[in-house]
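Engineer: what's the 3D shape of this:
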Amino acid sequence: MAETITLGKALNHGLRRALENDPKVVVMGEDVGKLGGVFRITDGLQKDFGENRVIDTPLAEAGIVGTAVGLAIRGYRPVCEIQFDGFVFPAYNQIVAQVAKMFYRSKGKVRVPIVIRIPFGGGIGAVEHHSESPEAYFAHTPGLKVVTCSNPADAYTMIQQAIASDDPVVFFEPKRRYWEKGEVDLEAPLTGAYPLHSARVARPGTDATILAYGPMVRVALDAAAAAAEDGRNLEVIDLRTLSPVDFPAIFESVKRTGRAVVVHEAPGNLGMGAELAAKITEECFYSLEAPVLRVTGYDIPYPAARSEEEYLPDLDRLLDAVDRSFGW
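Structural biologist: Residues are numbered from 1 along each chain as shown. Just a heads-up that it's a prediction; the model follows:
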């Protein structure tokens, strides 16, 4: 049965379904229980599943993830909420030194099926440490899977797929898209329309490929709609997965269109765009009509709320990059 719901509500439904289907699933984090999370993603779950399965933790991210490691080793499937993106760094050591390495350290004998949910990105007018995009740190770390949804339908199925995975998954949620609505099939099978680690053609096109993920997919689609008025047919790829990246889908698109523009909110230096540009150039060099271009946040700490609209990639900056790509 399909319903039109927000991305945030879709995540709530997905978590609820995972809790119903597997008694070993536990949700834990700061204020996830009685409050339902600062964004209300876990609203009502503690009331329905109890304090032993939806756990309000102390304000200690390292403790949350460290406890999740122990639970995972004992057969549970913990889902950790990091309240805001900039709060993840106290847990960074646990994630990269323990969560990412446990399977390899044990020669494949120990799995840690942990999901670490991180609301990320800007656009909500928040203060410092509340609007960051730290995805490249985790995509760079072997042993972690990194995914991000961009719409309610994907949010609903991807969170369930991530929880069902035997690998540790860092699940980035585009916080400024929490309130955007879309149609979701609440009876959809766990497999969903796409496997967890696959890209999605959000808009077919023939003239250039825009690669985006998370909060920037909406901007890319808006840019493609605006470009169509000028007679340019842009293809938009929603990456969905940042580690592993679905490179076959990307290469197929770029070889067909001959041009690629990557857009993300994180700073450009050593970001996802740099890796995508390098891989595309290596694989698609003889098909490219222009260099792979990047539209990103600037290489500065995230600015104060009143300045964030100048920092974030927007429609004009993306269309300018498309124009430059056609100008070569």
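
Engineer: from memory A305 sits against G123, does it?
Structural biologist: No: in this structure, A305 is not within contact of G123 by CB atoms under 8 Å, at 9.9 Å. Where C-beta positions appear, they are placed from N, C-alpha and C, glycine not excepted.

Engineer: Touching both of the two, which residues are there?
Structural biologist: S131 (CB atoms under 8 Å, 6 or more residues apart in numbering).

Engineer: The residue nearest to A305 when sequence neighbours are not counted in helix, strand or coil?
Structural biologist: Spatially, and ignoring its direct neighbours in sequence, A305 is nearest to G125 (4.2 Å; CB to CB, 6 or more residues apart in numbering). Three-state call for G125 (DSSP: H, G, I helix; E, B strand; the rest coil): coil.

Engineer: From G214, how far out is G125?
Structural biologist: 18 Å (CB to CB, to the nearest Å).

Engineer: Give me the more crowded residue out of those two.
Structural biologist: Each of G125 and G214 has its neighbours counted (other CB atoms under 10 Å); G214 has more, 27 against 13.

Engineer: thought that one was touching C149?
Structural biologist: Yes: counting by CB under 8 Å, C149 is a contact partner of G214 at 7.4 Å.

Engineer: okay, F247: pLDDT?
Structural biologist: Note on F247: pLDDT of 98.

Engineer: show me what contacts it?
Structural biologist: For F247, the contact set (CB under 8 Å, 6+ apart) comprises 279, 283.

Engineer: and if you look at F251?
Structural biologist: Residues in contact with F251 (CB under 8 Å, 6+ apart) are 280, 283-284.

Engineer: hmm, 10 Å instead?
Structural biologist: 260, 279-280, 282-284, 287 (CB atoms under 10 Å, 6 or more residues apart in numbering).

Engineer: element containing it?
Structural biologist: Using DSSP states H and E, F251 sits within helix 247-257.

Engineer: Ok, A227 next?
Structural biologist: Per DSSP H and E: helix 216-228 holds A227.

Engineer: After that helix, heading C-terminal, what element do we hit next?
Structural biologist: Following helix 216-228 in sequence, per DSSP H and E, is strand 234-238.

Engineer: Each with direction, which strands does that following strand pair with?
Structural biologist: Sheet partners assigned to strand 234-238 using DSSP bridges are listed as strand 200-203 (antiparallel), strand 208-212 (parallel).

Engineer: Tell me which of those strands approaches T296 most closely.
Structural biologist: Nearest to T296, of all these, is strand 208-212, at 11.2 Å by CB to CB.

Engineer: quick check: angle from that closest one to helix 216-228?
Structural biologist: If you take axes from the mean of the first three to the mean of the last three CA atoms, to 10 degrees, strand 208-212 sits at 160 degrees to helix 216-228.

Engineer: quick one, strand 208-212 and helix 247-257 angle?
Structural biologist: 150 degrees.

Engineer: longest helix of the protein?
Structural biologist: helix 7-21 (DSSP state H).

Engineer: same for that one, what does it pack against?
Structural biologist: When contacts are defined as 3 or more CB pairs under 10 Å, 6 or more residues apart in numbering; DSSP states H and E, helix 7-21 sits against strand 2-6, strand 25-29, helix 45-49, strand 77-81, strand 115-120, helix 152-164, strand 169-174, strand 181-185.

Engineer: list the buried ones in it?
Structural biologist: Going by neighbour count (16 or more other CB atoms under 10 Å), the buried part of helix 7-21 is 7-19.

Engineer: Can you check what angle separates it from strand 169-174?
Structural biologist: If you take the same axes, to 10 degrees, helix 7-21 sits at 150 degrees to strand 169-174.

Engineer: My guess is N52 contacts V26. True?
Structural biologist: Yes: N52 is in contact with V26 according to CB atoms under 10 Å; the separation is 7.7 Å.

Engineer: More neighbours: which of these two?
Structural biologist: Higher neighbour count among N52 and V26: V26, with 21 against 8, using other CB under 10 Å.

Engineer: tell me the contacts of the more buried one?
Structural biologist: With contacts defined as CB under 10 Å, 6+ apart, V26 is in contact with 19, 49, 52-55, 67-68, 71-72, 76-80.

Engineer: Name the nearest of those relative to T209.
Structural biologist: Looking across the contacts of V26 and measuring by CB to CB, the closest to T209 is V79, at 33.5 Å.

Engineer: So what's the residue count around K109?
Structural biologist: K109 has 8 neighbouring residues, counting by other CB under 10 Å.

Engineer: State the pLDDT value of it.
Structural biologist: With respect to pLDDT, K109 has a value of 96.

Engineer: Could you look up the SS state of it?
Structural biologist: Following three-state DSSP, the label given to K109 is coil.

Engineer: Next, give phi and psi for it.
Structural biologist: phi -90, psi -20 (degrees, to the nearest 10).

Engineer: I'd like to know how far it sits from M102.
Structural biologist: Distance check for K109 against M102: by CB to CB, it reads 10 Å.

Engineer: same check, this time on A220
Structural biologist: Here the criterion is CB to CB. By it, A220 lies 36 Å from M102.

Engineer: So these two - more neighbours on which side?
Structural biologist: A220 (28 against 19).
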